[in-house]
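J.: just a sequence and a predicted model for now, questions to come.
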Amino acid sequence: MTEPAHVSVIILAAGQGTRMKSKLPKVLHPIGAKPLLSHVIHTSAELKARQTVVVYGHGGELVKSTLADEPVVWVEQQEQLGTGHAVDQATPHIDDDHIILVLYGDVPLIKSSTLFELVEKTAGNALAILTVHLDDPHGYGRIVRDGSGAIQRIVEQKDASVEELKITEINTGILAVQGKLLKSWLSQLENNNAQGEYYLTDVIAMAVADGVAVHAAHPAGEDEVLGVNSRSQLAYLERAYQRDQAEQLMAQGVTLIDPARLDVRGQVKVGKDVTLDANVVLEGNVEIADDVYVGPNCVIRDSVIGEGVQIQAMCVIDNAVVGEKCLIGPYSRLRPGAELKGDNHIGNFVEVKNSVIGNGSKVNHLTYIGDTDMGSGVNIGAGTITANYDGANKHRTTIGDKASTGSNSVLVAPVRLGDGATLGAGTILTKEAPDGKLTVARTRQTTIDSWQRPQKKK
């Protein structure tokens, strides 16, 4: 497939979306954790569009501020006078010799491959439109063809005759044509229709009248061209998007225990022989190396998972780096800044934050490790915490190679536990524990013979 030259894109995103019942502009509602409009802008980028112009209206300032980093030109449609009027607002920003491709900010799943095919059909100054056959075409504009099958015009639902309403081929609204031609036709649009609007679809009949060929292209599936006008449609397209993500992962060799119960909300890079169990959520930028297993109900966000890692059920890994052959979980949480060097065990109800865990070190039970530099071969006993916060500032704890802590130990930072040092159970460490020694810091056990348990007053 050759890259189309001199293509510019107009994205119509001015609709209010009243059926969404939301204060949020429709095009900012997310699919795959990314606004609908962002999907369309990024598809435009895949086409290497020379210019991308977004026509906005309702909630425009919020739309612009939310997507301020996108490389687009913003044009406001102050009056909602129809799709033809909206496109006309954007065309002054596009050169006459560019192919203008019209897309919609609430149609997020259109594929660049489909649009490449559409643009290729504009060869010879033809007009190309994207159509699809629907079992139930109600509500859509119908494609009217002549006896030889040539496209003649598009008739909207409210303006269609009884015979025209029987047509199942519908207009998606997506079209491509040379800028000079489109600008000429837009200047001739009239609003003598049931809606009193300037329809972009009227340019089809104008093209036919001018002797310009009109060709149709078709998407691989109708989900590509479905728009969002309600929460129900948003939910449907979310699942369609996730099915597509699952298919892409499986095509790369990933085993999905249940493809219907996977959520990808970002960019995922995977190795070979990766297995993802049910209800795994991948967010942001995630890299997963070969031979990794991720158990059910896990969330991995903006993290790197090394080769051979096993992540058991119910784990959250957020902005962390997990070295090879680690065993995580179940019920573990790795917070931002956690780095496991490799061959580590992070067990049930363990939380690690902003800490480096050396090779082969184990933190297996009911433990909090925060702001810590831990060596290799360390064993952390159940219930150990590093007390890193003094109420105003964070402090670091250093734990040497092959050190060990007894259960329910507290290391009050800043403090160091030396190489090969051992803490007795229940120790509260406030000063350095020397290398290779046993350190115990707890009060002597005392029994009060005369003590009596308080009684509830009658």
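T.: Looks like it arrived, so ask away.
J.: residue contacts, residue 56?
T.: By C-beta atoms under 8 Å, 6 or more residues apart in numbering, residue 56 lies in contact with 13-14, 63-64, 74-77. Where C-beta positions appear, they are placed from N, C-alpha and C, glycine not excepted.
J.: could you redo the last one with a cut-off of 10 Å?
T.: 11-15, 25, 27, 37, 62-64, 67, 72, 74-77, 86, 105 (C-beta atoms under 10 Å, 6 or more residues apart in numbering).
J.: how confident was the prediction at it?
T.: Note on residue 56: pLDDT of 93.
J.: what pairs with it across the strands?
T.: In this entry, residue 56 is beta-bridged to residue 13, residue 76, by DSSP bridges.
J.: now residue 28, what are its backbone angles?
T.: The phi/psi pair for residue 28 (degrees, to the nearest 10) reads phi -100, psi -10.
J.: ok, how many other residues are close to it?
T.: Per other C-beta atoms under 10 Å, the neighbour tally for residue 28 reads 19.
J.: so residue 294 is in contact with residue 330, correct?
T.: No - using C-beta atoms under 10 Å as the test, residue 294 is too far from residue 330 to be in contact (11.8 Å).
J.: and for the two, which residues touch both?
T.: Contacts common to residue 294 and residue 330, judged by C-beta under 10 Å, 6+ apart, are 311-313, 315.
J.: where does this protein have low pLDDT?
T.: Counting by pLDDT under 70, the chain contains low-confidence residues at 1-5.
J.: helix or strand: which one has the residue nearest the centre of it?
T.: The centroid of the chain falls nearest to residue 265 when counting by C-alpha atoms, centre = their mean (2.9 Å). Assessed by DSSP states H and E, residue 265 sits inside strand 262-270.
J.: just the buried residues of stretch 32-49, please?
T.: Judged by neighbour count (16 or more other C-beta atoms under 10 Å), stretch 32-49 contains these buried residues: 32, 35-41, 43-44, 47, 49.
J.: out of those residues, who's nearest residue 229?
T.: The shortest approach to residue 229 among the buried residues of stretch 32-49 belongs to residue 36, at 11.2 Å (C-beta to C-beta).
J.: quick check: the gap between the residue nearest to residue 217 when sequence neighbours are not counted and residue 32.
T.: Of all residues not flanking residue 217 in the chain, residue 118 sits nearest, at 4.3 Å (C-beta to C-beta, 6 or more residues apart in numbering). Residue 118 is 24 Å from residue 32, where distance means C-beta to C-beta, to the nearest Å.
J.: is residue 294 bridged to anything, and to what?
T.: Those that pair with residue 294 in a beta bridge, by DSSP bridges, are residue 276, residue 311.
J.: without its sequence neighbours, what residue ends up closest to the residue nearest to the centre of the chain?
T.: residue 33 (3.5 Å).
J.: I figured residue 433 was touching residue 441, is that so?
T.: Yes - contact criterion C-beta under 10 Å: residue 433 and residue 441 qualify, at 8.7 Å.
J.: the more surrounded of the two?
T.: Shown here are residue 433 and residue 441; by other C-beta under 10 Å, residue 433 has more neighbours (24 against 16).
J.: need the contact list for the more buried one.
T.: Going by C-beta under 10 Å, 6+ apart, residue 433 touches 399-400, 403, 405, 411, 415-418, 421-423, 427, 439-441.
J.: which among these end up buried?
T.: Buried, going by 16+ other C-beta under 10 Å: 399-400, 403, 405, 411, 415-418, 421-423, 427, 439, 441, out of the contacts of residue 433.
J.: tell me which two of those sit farthest apart.
T.: Counting by C-beta to C-beta, the most remote pair of the buried ones among the contacts of residue 433 is 400 and 441, 17.4 Å apart.
J.: okay, domains of this protein per the record?
T.: For the chain, automatic domain parsing gives the domain ranges 7-225, 253-439.
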